[in-house]
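Visitor: generate coordinates for the sequence data below:
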Amino acid sequence: MPEEKRRYKAEIDGKSYLMIGPGSDAHMAAVTSLVNEQLTEIKRLSPGISKEDAAILIAFNAVSDELNLKKQLDAQEDEPTSQA
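Guide: Residues are numbered from 1 along each chain as shown. The predicted structure follows:
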């Protein structure tokens with residue numbers, strides 16, 4: 001049975017967004033916090049960056065992290081299991 005989708009009001013960079021997804025409020029709050037932290041860091045490192053470019057960098061980094069985790073998981077699954 002699919003998990004029920006929930007609504008969550010996230011404030012990112014001072015703007016409110018209505019997010020809809022299966023995550024808990026705690027999960028959505030953690031994601032919101034992490035996005036805000038990353039946005040603050042990007043703005044600190046590149047003060048003149050547009051919000052759009054900062055958002056693209058965050059999305060790019062998120063997909064890159066996801067691919068790296070998938071690669072690690074695939075490598076672990078390919079390892080032979082040891083038997084005692």
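Visitor: for the helix ranked longest in the chain, which helices and strands make contact with it?
Guide: Taking residue count as the measure and DSSP state H as the definition, the longest helix of the chain comes out as helix 51-78. Using 3 or more Cβ pairs under 8 Å, 6 or more residues apart in numbering; DSSP states H and E as the contact criterion, the neighbours of helix 51-78 among helices and strands are helix 25-45. The C-beta positions use only the backbone N, C-alpha and C, and glycine is treated the same way.
Visitor: return the set of buried residues in the helix it packs on.
Guide: Of the residues in helix 25-45, those with enough neighbours to count as buried (16 or more other Cβ atoms under 10 Å) are 28, 31-32, 35, 38-39, 42.
Visitor: equivalent analysis for stretch 17-27, please.
Guide: The neighbour-count check on stretch 17-27 (16+ other Cβ under 10 Å) flags Gly23 as buried.
Visitor: tell me the mean pLDDT for it?
Guide: Here stretch 17-27 scores 95 as its mean pLDDT.
Visitor: quick one: low-confidence parts of this protein?
Guide: For the chain, residues meeting the criterion pLDDT under 70 lie at 1-2, 81-84.
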